[in-house]
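K.L.:
need a 3D model of the sequence below.
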Amino acid sequence: MSNLTLRRSIIAAFSVAALPAFANDADSQEPVAMLDPVVVTATRLDERVSQIPARVTVIGEREIHENPTQNLASELQKDAGISIKQSGGIGQISEIATRGSNANHTLVLKDGARLNSQNHLAPLYPAFFDLTDVNQIEIVKGPASVQHGADAIGGVIQMRSLTPKKSGVQITGVGGENDTYKAIVKADLVADNGLYASVHGQRLESDGTRVLSNQGRNQNASYDQKGYGAKIGYDKDRLDASIAISQNEGVSQYYHRKTKQNNAERHFENRLVNAKASYDINEQIKVSARYSDFKDDQQVIDDNPNHFDTQNKEGDVNVKWQFTPNQNILAGVSYLDATFKSGDVKDGKQSNDSYGYYLQHQYNDDKFNTQLGVRLEDNERFGNHTVGQGAVRYHFTPNSSAYVNIGSAFRAPALTELYYFSEGQWGNTYGNPDLKPEESLSYEIGFDQNIGKHTKAYISAYHTEVDNLIAYQSAYPNFTYVNINEATMTGGEAGVKWQKDDYFINAEYGYVETENKATGKELAYRPKQTFTLGAGVANEQYGANVALVARTGAYANGNNTVKVPGYVSVDVGGYWQINPHVKFFANIENIGNVENRQVDNLGNGWYVNGGRFTSAGLTFSY
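P.N.:
Purely as a prediction, here's the structure:
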């Protein structure tokens, strides 16, 4: 029996064997409501996490804002099912891998709007997304193309800015090592008639740290970032409508291969305009609509200056029909106009349009939660593409449930993969207009158990197959993109969450094994094992927390000849509400000051993280 088959058998056996044991233990218990937030990403409807037949993780407002200097990449690192490929410290580029999938296999949304880029060279840099106006981050693991279209092979991550509950003003100032500071101003206005408005602005500056392991400690790469946002809306009776704008821009210095210094620059700007509305026609029928315009512009200044500008214009209309107390149907149509402009793409500009038509049925009662859906995507360049999903969660008792989730997903080739061209001293790279879309099929089984009134345990096992995987093929001096046979990702997650009064402990273990079927090698930068731990105390007066992330090593290339070492990082933080208007907080990231190797720089040293970072600040609330 192969090691892979053995691991699959162990995971399956553990899942099946655990069901009766946990179920019997919980027969006499009352249902536990703790740790069960409402999310929308998995089904596009408001659902409790415990009712969704998939593995969903939620990062709440307290966790997001306890350290204002952290960005989206920093928060995602705390999930054992996600690994971040980080090319340096603060302000350096990063990529997301969910359950061992590629960076462009994770769809990232903000309030329903698609943020993924048509630039394969930079599908999405989560380090450049500020969280000042974000109240909740939802992570759906597994395929979600039925609900959200292309790119959702590994999962979906959504940043949500919730409706403000009361009027007020907040001013925050943070100072830290490496001459780092951040200032935030936020204001909310909530009226009795259902109207509300929010505005915010923020600015972060840092001298940064060195980028490569073979650089001197004084060879820093600076980072300057600023942004603003505003939202106005109405939420009362049957109508919920809003329009919002958010923008982040800045300059990130990085390593210049020609000068051997950190004096290359990446100027970035991402801006989202998002208009949404929903109306309850009656108790059974709800109509929702959204239009968004997202721009992600990047200009790099090095020995070959260039720009990479992407834009997504997206619309969606859907209708929910609650035709019985336990059943609903969601039907909708979406439109996406994606464009990419660059000096390195054919004719300087390329675009791709697609329409999506989706239908989803749900059944919910005390025993069953089901989700059955299908989507037809009509792509301008690739024709019709159909995906489906079938999932069911069964509640053995009020505290014990198991789910099975089977779904397909796809990703259309990025415009750079189709039409990119670059000729230089290191070789010539050309796009491949004959590429086929990547297609995936995923199987997942999971089990959730509430133990007593304060503890929740869970375990999941999954297997994903990706056909027509797009890979970078080298045949010096020419390089291009090709479809390879198949890649697989097999693994699982197990976790325990405990909360009593003000105290909490969260622990999660993730395992993933990847394989490129064309070569038999592992996919690069996929740590096989991850362990995360968070513990602390939090209430209205004070709080303290510790967070640990441990990952095993991973190969740094597709040939599996160079390996990235594993690492352990520990963060600590705390806050004190001095009075109703003043809050003090402090954080130490990577308290052991361990400088971890992150990414291989083609034999010229390693990209390393920034080491220890200590910060402290005050928030004034009125």
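K.L.:
pLDDT wise, what is the residue nearest the centre of the chain at?
P.N.:
The centre of the chain sits closest to Ile157, judged by CA atoms, centre = their mean, with a distance of 3.6 Å. On pLDDT, Ile157 comes in at 95.
K.L.:
note down every partner strand of the helix or strand where it lies and its orientation.
P.N.:
When secondary structure is defined by DSSP states H and E, Ile157 falls within strand 155-160. Strand pairing for strand 155-160, using DSSP bridges, gives strand 106-110 (parallel), strand 136-141 (antiparallel).
K.L.:
just the helices in the protein please.
P.N.:
3-26, 61-65, 72-76, 145-148, 415-419 (DSSP state H).
K.L.:
any chance you could list what contacts the last one?
P.N.:
Under the contact criterion CB atoms under 8 Å, 6 or more residues apart in numbering, helix 415-419 has outside partners 118-121, 338, 340, 342, 344-347, 350-352, 381, 431-433, 435, 470, 481. C-beta here means a position set from N, CA and C on the backbone, and glycine is covered the same way.
K.L.:
hey, C-alpha coordinates of that helix in CSV?
P.N.:
Output in CSV follows, covering the C-alpha atoms of helix 415-419 (Å, rounded to 0.1, in the frame of the first residue of the first chain):
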residue,chain,number,x,y,z
LEU,A,415,-5.0,37.1,-19.9
THR,A,416,-1.3,37.1,-19.2
GLU,A,417,-1.2,33.3,-19.7
LEU,A,418,-2.8,33.7,-23.0
TYR,A,419,-1.2,36.8,-24.5
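K.L.:
could you flag which of the contacts of helix 415-419 are buried?
P.N.:
118-120, 338, 340, 342, 344-345, 350, 352, 381, 431-432, 435, 470, 481 (16 or more other CB atoms under 10 Å).
K.L.:
check these and tell me the two furthest apart.
P.N.:
Maximum pairwise distance among those (CB to CB): 19.2 Å, between Asp344 and Arg381.
K.L.:
going by mean pLDDT, which of the helices of the chain comes out lowest?
P.N.:
helix 3-26 (a mean of 37).
K.L.:
and Pro305, what does it touch?
P.N.:
Contacts of Pro305 by CB under 8 Å, 6+ apart are Gln299.
K.L.:
one more pass at 10 Å, please.
P.N.:
With contact taken as CB atoms under 10 Å, 6 or more residues apart in numbering, Pro305 is in contact with Ala264, Glu265, Gln299, Gly343.
K.L.:
what does Thr180 give?
P.N.:
69, 90, 174, 204-208, 223, 610, 613-615.
K.L.:
please redo it, this time with the cut-off set to 7 Å
P.N.:
Shown in contact with Thr180 (CB atoms under 7 Å, 6 or more residues apart in numbering): Thr69, Ser206, Ser615.
K.L.:
list the buried residues of stretch 492-512.
P.N.:
492-499, 504, 506-512.
K.L.:
and stretch 529-541, by the same measure?
P.N.:
Gln529, Thr530, Phe531, Thr532, Leu533, Gly534, Gly536, Ala538.
K.L.:
quick revisit: which of the contacts of Thr180 has the weakest pLDDT?
P.N.:
Scoring the contacts of Thr180 by pLDDT puts Thr69 last, at 90.
K.L.:
wait, isn't that residue in contact with Gly173?
P.N.:
No - here Thr69 lies out of contact with Gly173, judged by CB atoms under 7 Å, at a distance of 11.5 Å.
K.L.:
who has more neighbours out of these two?
P.N.:
Thr69 (19 against 15; other CB atoms under 10 Å).
K.L.:
gap between the more buried one and Val333?
P.N.:
Distance, Thr69 to Val333, using CB to CB, to the nearest Å: 41 Å.
K.L.:
picking up where we left off before, can you list contacts of the strand holding Ile157?
P.N.:
Looking at what lies outside strand 155-160 - CB under 7 Å, 6+ apart - the contacts are 41, 72, 76, 98-99, 106-111, 134-142, 144, 148.
K.L.:
and the strands in the stretch 501-622 of the chain, which stretches?
P.N.:
Under the criterion DSSP state E, counting those that start in this stretch, strands of the stretch 501-622 of the chain are mapped to 503-516, 529-538, 542-551, 554-555, 563-564, 567-579, 582-589, 597-600, 606-608, 613-621.
K.L.:
try the stretch 151-300 of the chain
P.N.:
155-160, 168-176, 180-190, 195-206, 223-236, 239-256, 261-280, 285-301.
K.L.:
just put those in JSON lines and tack on distance to Tyr462.
P.N.:
Output for these, formatted as JSON lines (distance: least, CB to CB, whole Å):
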{"stretch": "strand 155-160", "distance to Tyr462": "10"}
{"stretch": "strand 168-176", "distance to Tyr462": "38"}
{"stretch": "strand 180-190", "distance to Tyr462": "38"}
{"stretch": "strand 195-206", "distance to Tyr462": "37"}
{"stretch": "strand 223-236", "distance to Tyr462": "36"}
{"stretch": "strand 239-256", "distance to Tyr462": "33"}
{"stretch": "strand 261-280", "distance to Tyr462": "31"}
{"stretch": "strand 285-301", "distance to Tyr462": "30"}
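K.L.:
out of these, which is the most enclosed?
P.N.:
The highest mean neighbour count among the strands of the stretch 151-300 of the chain, using mean count of other CB atoms under 10 Å, belongs to strand 155-160: a mean of 25.
K.L.:
quick one: distance of it to the chain centre.
P.N.:
The offset between the C-alpha centroid of strand 155-160 and the centroid of the whole chain comes to 5 Å, using CA atoms, centre = their mean, to the nearest Å.
K.L.:
likewise stretch 146-163?
P.N.:
Per CA atoms, centre = their mean, the centroid offset for stretch 146-163 relative to its chain is 8 Å.
K.L.:
quick one: the contacts of Pro305 as TSV, columns for distance to Gln322 and pLDDT too.
P.N.:
Shown next, in TSV, are the contacts of Pro305 (distance: CB to CB, whole Å; pLDDT from 0 to 100):
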residue	distance to Gln322	pLDDT
Ala264	55	94
Glu265	53	95
Gln299	49	93
Gly343	52	86
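K.L.:
so which of those comes closest to Ser50?
P.N.:
The closest of the contacts of Pro305, once distances to Ser50 are taken by CB to CB, is Gln299, at 45.8 Å.
K.L.:
residues contacting that closest one?
P.N.:
Applying CB under 7 Å, 6+ apart, the residues contacting Gln299 are His267, His307.
K.L.:
at 8 Å instead, please
P.N.:
Contacts of Gln299 by CB under 8 Å, 6+ apart are Arg266, His267, Phe268, Pro305, Asn306, His307, Phe308.
K.L.:
how about the second one, what does it touch?
P.N.:
What it means is His267. Neighbours of His267 in contact, by CB under 8 Å, 6+ apart: Glu249, Gly250, Val251, Gln298, Gln299, Val300, Ile301.
K.L.:
how about a cut-off of 7 Å?
P.N.:
Counting by CB under 7 Å, 6+ apart, His267 has contacts Val251, Gln299.
K.L.:
just read off the phi/psi values of Asn609.
P.N.:
phi -70, psi 180 (degrees, to the nearest 10).
K.L.:
that one and Gln92 touch, don't they?
P.N.:
No - judged on CB under 7 Å, Asn609 makes no contact with Gln92 at a distance of 9.0 Å.
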